[in-house]
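[1] generate a structure from the sequence data that follows.
(chains A and B)
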Amino acid sequence: MRALFVVVCLSGVACSDQFPPASRLEGARVLAVVADPPFAVPGATVAFDMLAVSQAGVPLEVAWFAGCENPPGDQAERCLDTLDTTIVLGDTHFETTISADIISRLPPTPGSTPKYGTAYVYFAVCAGTLVNQERLGFGVDCVDRDSGQPLGAASFVVGYTPIFAYDDVANTNPLIADVSVPDSVPACTAADVDDCPDIDVLVAVDPSQSEPDYSAVAVGDSPVGELLWATFFTTSGEFVADTRLIADGDDFRPLDDSKGTWHVEPGYTGPVTIYVVLRDNRGGSSWTRREVTVTAD
Amino acid sequence: MFLDVLGLVCLLAAPVVEAPELRESVEADYPPAALAERLTARVVLRLDIDATGMVTAAEVTEPVGHGFDEAARAAVLRFRFQPATRDGNPIASRILYTYLFELEPEPEPEPTPALATQPEPEPPAPEDVEEVEIRGARADREVTKREMTREQLRTAAGSNGDALRAIQNLPSIARAPGLAGQLVVRGSAPEDTEAYVDGSFVPFVYHFGGLASIIPTEMLDGIDFYPGNFGAKYGRVAGGIVDIRMRPGETDGGFHGMAQVDFIDARGLVRGPLGRGWTIIAGVRRSHLDAWIGGLLPSGSRAPYYFDAQLFLENRLTERSRLRIGVYGAYDALRVVDEGEGDAPVGTVAVSQGFYRIQANYDNQLTDALSLKLMASWGRDTPNFNVGPQRIASSLYTYALRGELQAKLADWMTVSAGYDVVTVDYATDLRFPDFALPGESDTGVDATARTRVLKTGGWFNRPAAYLQARITPIAGLEVVPSLRLDYDHENENLDFGPRMNARYDIRPTFPRTTIKGAAGLYYKPPVWRETLPVVGQPGLNSDRVLAKSLGVEQELARGVTLSFEGFHKELERLVSRTPTEDGGYLYGNRGSGRAYGTELLVRHEGERLSGFLAYTLSRSTRVDQPGEQRRLFEYDQTHILTALASYRLGSGWLIGGRFRMVSGNPYTPCVGGRFDSSSGSYACITGREYGERMPMFHQLDVRVEKTWAFTSWKLSTYVDVINAYNHKNAEAPTYKFDNSQGGFAYGLPFFPSIGVRGEL
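    Now for the predicted structure:
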């Protein structure tokens, strides 16, 4: 029946309440945090680079919070009970060193997958002022610089990035070979963004970027392939499908099946930035951007 | 187009179908004990009459006890009828027949009563032929006696003519989300209710999403539904039981067939004699949904499809014995490429589930007081689930044996003893993240979820033995004590389940008043994922449920009955878990729960109009760990109102409707989100556990059917309209990509389904 449900929905009947798409960049957003390396050996230093954007160039305050290792059930939210959330303002680059005994101090792991440790680094990004007061279980809030009033989700992002620690299993960040999009596109004259013309954004990724994954299989077993997917963002309009699968673990999908389809905002002319973030399913990521001009003719 | 077809067919002459007519009746022996107590009774039986007018089978549909049922059955089996005819040709038929046991007023001053047993043939409608009934209890007098009559079943709007789906209309069952096929019975989890085919367990009852059941209505003889406090024959579940009875072989000497096609599937059925006393009934069905929605799914996907088939051979070896051999099975599959859409994609989702059974049933009425029933089945279940590189692939060979010996020791006592053995030989290849249990925040199967790997196999054996007595110590009172002993070889659990049901007719004659009550212990062994090493913990105990119910039944008028019942279930030793530092979980029987409520049912059975109004007021809660706050059960529905009716307009026209108004399910809201950079999506910050409720559900479904009967075949067409007034029913919460705003996904809008069916 789910399929029927899908069909009825696809037939044009609104089957759920509608929200602004994730691809439309408004307010403060964190699009990616690239960890280098995404899989680290115990005791290694890991560097993080954040891709954060804000509307109209509003300055962002950034703070990082490290020190959570091996939370129960690997659940990031379990870090909140012990995490030190004292605010030290930083920038979009951060480094931390994970404990040398992050794996060895664990009890024997059930199952025959390679033994691992997990660490989480939290971050807060605010289009106002960060203050130490609790919001939704996290000890940091974002308030207006002038009034001191708490700001909403459009101005405040709290997130986390995991570090996976293995003795013998490696992972590298997948790289984007090329993003193909016209340098300039005509403005959309339609009344609704859904009716604007499709503009293809093609993402080229070398097949070698889907690495063999030994972390998900028993020791000694043949590896499975990584999943790779691209996420699209734009400062004008929206993407029809904001997430496209590049590799499904077995094969790379045809370029036409993994492209982003962009609709310009009706009536808008001027510069547009398109961001493409590529991720694998083991914490690896990279990103790139393209500048496009929307012209009146 | 549809109306054009209707108009064309209306021009064709309708044939004349005559009901069977009673020619020779036999007076039943008045049960001595009932006579001594001056009890009267009205026994309703279902009679199978062959094309020669012989009664080939008689089954009591509403047992009344006190020996009346046996006496009436013995009498009607000796009746002779003028057979039913279609355009003058004799045909087999099935009718309802009411046998009255009445006493003349006690003469004054003479103390000797004059007896009068009076056969009362009910004019059978030709439509009674070849229909199926669902009932709340079969010949065993369970405490809960609810029925959907044949008429209600056949015209149940919104069920697309599917008998098994029509179960979901019955009281005691919560509304499943959307058109899902889950059976949530009296506040129990869906997995707490099991389904059987002629006594053999089957792993699923509905094809994907509840679109259709695994056995077409045309193959069914009946469905026994036990919402709770069932007898000792059944075990290993703490919720309800659905036992599907397959259709018996034909006895009229001719072959029959049926073909049907609608928007969803096409099916065919054939039945007839094979010679040497053997009869055959075979059916096959295949959905064709994939043919017309496949192009709408992402590239690389395959639209869902399902298939089922059944083949049964039957031989009435003697007048008192019957052997039935069958093979049946079902298979569903789909493959969808998931792109994520604002969330981490999971890649290709490929799901399939299938099973088959080879089964034999043997029944023998050894003597008038002794009967034997045996069942043996062997089969295989193959659930497979692939999500990107993660998978669960299982193969389970199942062996089931049942046997029951029933002896009537005295007019006031019948005793049954039986065994019920299930052995499973399994192999599992698992590469999957940890499963979230109810009450836990589900991290889903997103791409970054950590994986557990397990390749294992083995077997387990679950034997059970039971003893049950039916005692009528005084007139009007029937007590059914029973005891069931279950052993779970895998976890070395011995579960001891005493049960007691009782009914007392305060007023045994019209308008009958009956009070009823039951209490018993029920057990459900832990499910496989909870006891497998690596992903679970071997040695867990069975869930234990103390179930009690108390109610009253009252005849309000001829054909109008009222039933009011309260139930209470105390759930103990439920499996829950706590996360550990190594990324795993520690399982234990630390959860508990409670479910209670009342059920009101008013039924009307008329010649043209029949239906019922059902209302359930209930509450179901859970405590996942000792000391934790009690929360609402995820399927808790405070109010469940169902009104179901059908009206026979004449000239083959039927119209039916179903109206439902049900409280929304509780859910745990997202009150915000945190950005998970590894997946690129926002993790939900959960609010109070199951602290919000979906909006109230209400919906009207309508069914219109027209049947034309010709000389040798019958043509039917119907329109089944779901959500006739197009109400937006919220089915699940949805959120903005960052979980900062919430809304709802809605169920099916106005949706008509049209079907055509031909029958020989």
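[2] can you map out the helices along the chain?
    Here I'm looking at chain A. A:2-10 (DSSP state H).
[3] the chain in question should be chain B.
    So, for chain B - with DSSP H - the helices run B:2-10, B:32-36, B:68-76, B:150-154, B:163-166, B:289-293, B:528-531.
[4] tally up the residues packed near the closest residue to B:Leu715 other than its chain neighbours, please.
    Residue nearest to B:Leu715 in three dimensions, not counting chain neighbours: B:Trp708, with 4.8 Å by C-beta to C-beta, 6 or more residues apart in numbering or on different chains. For glycine as for every other residue, the C-beta is placed from the backbone atoms N, C-alpha and C. B:Trp708 has 18 neighbouring residues, counting by other C-beta atoms under 10 Å in any protein chain shown.
[5] chain A versus B:Arg380, what's the distance?
    Computed as C-beta to the nearest C-beta, to the nearest Å, the B:Arg380 to chain A distance reads 26 Å.
[6] who does that residue form a beta bridge with?
    Counting by DSSP bridges, B:Arg380 is bridged to B:Tyr356, B:Tyr397.
[7] now swap in the one 5 residues further on and tell me
    When bridges are taken as DSSP bridges, the partners of B:Phe385 come out as B:Val351, B:Ile392.
[8] can you give me the distance of the residue nearest to the spatial centre of chain A to B:Val422?
    Residue closest to the mean C-alpha point of chain A, counted by C-alpha atoms, centre = their mean, is A:Ala32 at 4.1 Å. As for A:Ala32, its distance to B:Val422 is 52 Å (criterion: C-beta to C-beta, to the nearest Å).
[9] what do you get for B:Trp278?
    29 Å.
[10] what about those two, which has more around it?
    B:Val422 (19 against 14).
[11] contacts only, for the more buried one.
    B:Val422 sits next to B:Phe201, B:Arg236, B:Thr398, B:Tyr399, B:Ala400, B:Asn461, B:Arg462, B:Pro463 when contact means C-beta atoms under 8 Å, 6 or more residues apart in numbering or on different chains.
[12] and it, bridged to which residues?
    B:Ala400, B:Arg462.
[13] what's the pLDDT at it?
    Here, the pLDDT recorded for B:Val422 equals 96.
[14] show me the shaky parts of the stretch 501-650 of chain B.
    For the stretch 501-650 of chain B, the stretches flagged by pLDDT under 70 are B:579-584.
[15] give me that answer again for 80
    For the stretch 501-650 of chain B, residues meeting the criterion pLDDT under 80 lie at B:528-529, B:532-536, B:577-586, B:605-607.
[16] per-residue pLDDT, residue 85?
    Let's take chain A. pLDDT, read off for A:Thr85, is 89.
[17] wait, I meant chain B there
    Looking at B:Thr85, its pLDDT is 72.
[18] quick check: the residue of the stretch 101-250 of chain A nearest chain B.
    A:Gly159 (3.0 Å; C-beta to the nearest C-beta).
[19] so what's that residue up against?
    Applying C-beta under 8 Å, 6+ apart, the residues contacting A:Gly159 are A:Val30, A:Val33, A:Tyr122, A:Phe123, A:Val125, B:Arg674, B:Phe675, B:Asp676, B:Ser677, B:Tyr682.
[20] the closest residue to the last one other than its chain neighbours: neighbouring residues, count only.
    On the basis of C-beta to C-beta, 6+ apart, the spatially nearest residue to B:Tyr682 that is not a chain neighbour turns out to be B:Gly673, at 3.3 Å. Other residues within reach of B:Gly673, judged by other C-beta under 10 Å, total 22.
[21] beta partners of B:Gly673?
    B:Cys684.
[22] contact partners for it?
    B:Gly673 touches A:Ala153, B:Tyr682, B:Ala683, B:Cys684, B:Ile685, B:Tyr735, B:Asp738, B:Asn739, B:Ser740, counting by C-beta under 8 Å, 6+ apart.
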